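**Student:** Fold the following, please.
(one chain, ligands or ions: 1)
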Amino acid sequence: ATMREDRIKKSKTVCTYCGVGCSFEVWTKGRDILKVQPEKDAPVNGISTCVKGKFGWDFVNSEERLTKPLIRKGDTFYEATWDEALSLMAKKFSEIKENEGPEALGFISSSKCTNEENYLFQKLARSIFQTNNIDNCSRYCQTPASAGLMRTVGIGGDSGTIEDIKQAELIIVVGANPAESHPVLATRVKRAHKLNDQKLLVADLRRNELADRADLHIHPKPGTDLVWIAAVTKYILDQGWEAKQFLAERVNNITEFKQSIAKFTLDYAEKVTGLSKEMIIKVATMIHESDGTCVLWAMGVTQHLGGTDTSTAISNLLLVTGNYGRPGAGAFPLRGHNNVQGASDFGTMPNWLPGYEPVENDEVRGRYERAWGTSIPKQPGLNNHQIVEAITDGRVKGMYLFGEEMALVDSNINYVHEAFEKLDFFVVQDIFFSKTAQFADVVLPAAPSLEKEGTFTNTERRIQRFYQVLEPLGDCKPDWEIFRDFANKLGANWKYEHPSEIMAEAAKLAPIFSGVSYDRLEGWESQIWPVTPDGESTPLLYKEKFKFVDGKARLFPVDWTPPQQYSEEFDLHLNNGRLLEQFHEGNMTAKSDGINHIIPGPWLEVSEELAKERNLETGSLVRLTSPYGKAKVRVFVSTAVKGKELYMPMNATENERAVNKLTSSYYDKDTHTPNYKEAQVKMEMLEQK
Ligand code: SF4
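**Tutor:** I've put the predicted structure just below:
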C-alpha cells in the first residue's frame with residue numbers, strides 16, 4: 001500500500017475557472033487526475049469547492065488538445081515545428097510593423113493565464129512592437145466597475161475581502177448570480193444569511209438562487225439600475241441618514257453631487273424602474289438600519305450603455321453611507337475568470353502599465369523604458385473593441401491572441417467573424433483548436449495551468465501560487481515560454497527560466513507589487529495587493545486614505561443612459577448569463593462527460609405567461625432574431641423569468657446556439673464594454689416539442 005501511495009503525487013493548485021480563487025491539492029498518478037482534495041489551509045475556500053473545481057479537469061487529458069504548432073495552407077493546417085512557426089510569426093509581424101506601423105498590430109491577452117504571462121505579453125507588445133494596442137477580456141465584463149471605482153475611490157478592485165462579505169450586516173447583490181457564477185463565495189453569503197442574521201437584498205431581472213433566499217428581491221425594468229440606486233441615495237440624504245462625519249472628513253464634492261441627484265425623486269424612479277416608491281424607501285431603510293453594507297455586482301450592471309455610470313452610482317451610495325474603509329462593508333465587483341483581475345493588474349490594457357499606472361505619465365513610462373531598454377509609445381492604444389473596428393476598416397492587419405475565444409464570446413459575433421477574415425496575419429495560441437483558431441494563420445499549442453507554474457489573482461486582489469502537476473502534453477509549452485522564445489526570435493535577449501523571475505521584475509517596477517515574491521507565496525501562503533516592500537498585504541483598502549492625492553474620495557455625478565432602443569418588432573428582452581456546471585461557452589468544462597451529461601447545451605428560459613400566449617412548452621424549438629443575427633434554441637418554461645423577459649445561458653460551443661449571434665456592437669460609453677444585457681429579439685416557433 002505504501003508503494004502505491006508513493007506513486008501518487010499531490011500538488012497544490014489554484015482553480016482555473018472562476019474569480020473566487022479556490023485552491024486545493026490535485027492527486028495524480030502519471031497523467032491520471034485521481035482527485036481534487038480540498039485542504040483547510042486554503043485561504044479562500046478551506047474545504048469547499050464547487051462542481052467545476054472538483055470535477056472539471058478532464059479537459060487536460062482531452063484527445064482534442066492541441067499538441068503541435070499549426071500553420072495554415074489554404075483551407076487547412078499542417079503540423080510544424082516551433083522554430084518554423086515562430087520564424088514565420090517573426091517575419092510576418094515585423095513586415096506589418098515596418099510597412100504599416102506598430103499601430104497596425106493588435107494583442108489580445110488571456111484572463112485564464114497567469115500574472116507572469118500577462119506581464120510578459122504586454123512587455124512583448126510594448127517593448128518589442130512599440131504598441132499599446134493590447135487588451136484583455138475584462139473589457140467584456142468588469143472594466144466599467146473598475147472605472148466607476150477609479151472615479152470615486154481611486155482603485156479598481158474589491159475594497160475588501162470575502163471576510164468582509166461574511167461580516168456585513170447587509171449584502172446587496174445587483175445584476176449578478178453568485179450561486180452559479182461564484183459558487184463558493186455564494187456559500188459564504190448563504191451561511192452568513194442563515195447563521196449570522198445577515199440581511200440579503202437582490203436586484204435582478206431573474207429570480208436566481210440568491211434572489212430566492214433573499215429578504216428582499218427587487219426586479220427593476222431592464223437597464224434602470226442607476227435610477228433606483230440614485231433614488232435610494234437621494235432618499236438617504238433627504239432623511240439626513242448620510243454618514244455625516246465620514247463625508248465631512250473623507251469625501252469631496254458633496255454639494256455638486258447633491259445637485260446632480262436632485263432629479264432622482266421617488267416619483268421619477270417609480271416611473272422609470274417600475275419599482276414602487278415604497279420599495280425604494282424599503283431599500284434605503286435596510287441600508288440605514290444596517291451597520292455595514294457590502295454591494296456585490298457583476299455583468300447585469302456593467303454590460304450596458306451606461307455600465308460605468310451605474311458602477312459609479314453604487315460607489316457613490318457606499319460613500320454617502322460611510323461604507324468604505326471599515327470591516328464588513330464596501331464595493332465588490334465580482335470577477336469572472338480565475339485571473340481577470342490579474343490580467344488587468346499586470347498591464348494588459350491599452351492605457352495602463354502594470355499596477356494601474358498610466359502609460360501617458362512620463363515618469364512611469366520612463367521607468368519601464370529604462371528597465372526594458374526600449375521606447376514605449378506615450379499614446380494609449382486601442383482596446384479590444386476598437387481593435388476589431390480597426391481590423392474592419394483596414395487599420396489593424398496583424399493580431400496575436402492567446403487563451404480567448406473571441407469568435408464566440410464577443411458580442412455580435414457575425415461582425416467579429418467578418419473582421420477576422422480580413423486580417424493579413426493572425427496568431428491564436430490556445431489549448432484547443434477553438435472557434436477563433438479557425439480564422440488563424442498560425443495556431444500555437446499552449447499548456448493549461450496544471451502543466452505549468454505561475455500565480456493567479458482572485459476577485460479579492462489575492463495573489464496565489466500554483467505548482468506544476470503534469471508535464472506539458474506533446475509539444476505544448478507554457479504561454480510565458482512561448483512569448484520568451486518569440487521575443488528572442490525577434491532579437492531580444494530574454495533570459496527568464498522560471499515564472500518567479502518574471503514576478504520579481506514586475507515587483508521591482510510596479511509599486512503595488514513591490515513586496516510580492518514567490519518565497520512569500522510558498523504553499524498555501526497568499527498576498528493581497530497593494531503589498532508593501534516588506535511583504536505586508538492590504539486586505540482592506542481605504543482604512544485611512546483614498547487613492548487620490550489629497551487622500552479623499554470623490555462623489556462623482558452621473559446621469560442615467562436609457563438602454564439601446566430597438567424597433568417594435570423586436571418585442572422581447574433577452575438576458576444572458578453563466579451556469580454553475582459549465583464555465584462560459586464551455587471550451588473546458590464541455591470536455592467532461594459527466595458535466596455534459598447534466599448540461600448539454602444552452603436553452604431559452606421563457607416565462608409562463610409568454611409560453612401560454614405563444615403556445616410554447618418546455619422542449620419547443622424556436623428561432624430568435626435580432627437586428628444582428630439569428631439563433632435556434634429549445635424553450636424551457638420557467639418561473640424565474642417574468643413577462644416578456646427571456647434568459648439564455650451562454651454555454652454554446654457552437655455558433656448556431658450562441659447568444660452572441662444576437663447581441664449588438666453598441667457599448668458602454670466610457671469603457672467600450674459591449675451592452676450584452678440590452679438585447680431585444682423576436683421569436684418564432686419552429687417545432688412544437
Ligand atoms: Fe473554482 Fe470558482 Fe468553483 Fe472555486 S467557486 S472551485 S474558484 S469555479
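
**Student:** what does this protein put close to the ligand?
**Tutor:** Counting by Cβ under 6 Å from any ligand atom, the chain comes close to the ligand at 15, 17-18, 20-22, 45, 49-50, 52-53, 183-184. Using the backbone N, CA and C atoms, a C-beta is placed for each residue, glycine as well.

**Student:** Kindly recompute the last result at 8 Å.
**Tutor:** Within the chain, the residues that sit near the ligand (Cβ under 8 Å from any ligand atom) are 14-22, 24, 44-45, 48-54, 56, 182-185, 338, 458, 583.

**Student:** now, which of these lie within strands?
**Tutor:** For those, membership in strands holds for 14, 24, with DSSP state E as the criterion.

**Student:** Tell me which residue of the stretch 51-200 of the chain lies closest to the ligand.
**Tutor:** Per Cβ to the nearest ligand atom, residue 53 is where the stretch 51-200 of the chain lies closest to the ligand, at 2.3 Å.

**Student:** Identify the residue spatially nearest to residue 576, adjacent ones excluded.
**Tutor:** Ranked by Cβ to Cβ, 6 or more residues apart in numbering and with sequence neighbours excluded, the top spatial neighbour of residue 576 is residue 659, at 4.6 Å.

**Student:** Next one: the one you found from residue 413, what distance?
**Tutor:** When distance is defined by Cβ to Cβ, to the nearest Å, residue 659 is 10 Å away from residue 413.

**Student:** Who has more neighbours out of these two?
**Tutor:** For residue 659 and residue 413, the more surrounded residue by other Cβ atoms under 10 Å is residue 659, and the numbers stand at 30 against 23.

**Student:** Can you report phi and psi for the more buried one?
**Tutor:** Backbone torsions of residue 659, given as degrees, to the nearest 10, read phi -60, psi -30.

**Student:** do the same with residue 62
**Tutor:** Taking degrees, to the nearest 10 as the convention, residue 62 sits at phi -70, psi 140.

**Student:** Number of residues surrounding it?
**Tutor:** Residue 62, neighbours per other Cβ under 10 Å, totals 14.

**Student:** The residue nearest to residue 576 and residue 632 touch, don't they?
**Tutor:** No - here residue 659 does not reach residue 632: they are 11.8 Å apart, not a contact under Cβ atoms under 8 Å.

**Student:** And the residue of the stretch 301-450 of the chain closest to the ligand?
**Tutor:** residue 338 (6.5 Å).

**Student:** quick one, what contacts residue 328?
**Tutor:** 164, 167-169, 291-292, 294 (Cβ atoms under 8 Å, 6 or more residues apart in numbering).

**Student:** Identify those among those that sit within helices.
**Tutor:** Counting by DSSP state H, the part of the contacts of residue 328 found in helices is 164, 167.

**Student:** Widest-spaced pair of the contacts of residue 328?
**Tutor:** Using Cβ to Cβ, the pair of the contacts of residue 328 lying farthest apart is 164 and 291, separated by 12.8 Å.

**Student:** quick one on the thing from earlier: can I have the buried ones of the residues of the chain next to the ligand as a ChimeraX selection?
**Tutor:** This is the ChimeraX syntax for the buried subset of the residues of the chain next to the ligand, where burial follows 16 or more other Cβ atoms under 10 Å:
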select :14,15,16,17,18,19,20,21,22,24,44,45,48,49,50,51,52,53,54,56,182,183,184,185,338,458,583
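
**Student:** in the stretch 351-500 of the chain, which spans are strands?
**Tutor:** Along the stretch 351-500 of the chain, counting by DSSP state E, counting those that start in this stretch, strands occupy 352-353, 357-358, 398-402, 425-430, 442-445, 454-457, 462-466.

**Student:** any idea which of the ones you listed is most buried?
**Tutor:** strand 454-457 (a mean of 29; mean count of other Cβ atoms under 10 Å).

**Student:** name the helices or strands packed onto it?
**Tutor:** In terms of contacts (3 or more Cβ pairs under 8 Å, 6 or more residues apart in numbering; DSSP states H and E), strand 454-457 is packed against helix 115-123, helix 340-345, strand 462-466, helix 499-509.

**Student:** circling back to that earlier point, so between residue 164 and residue 291, which is more surrounded?
**Tutor:** residue 164 (21 against 11).

**Student:** Let me know whether the more buried one touches residue 324 as I believe.
**Tutor:** No - with contact defined as Cβ under 8 Å, residue 164 and residue 324 do not form a contacting pair (10.7 Å).
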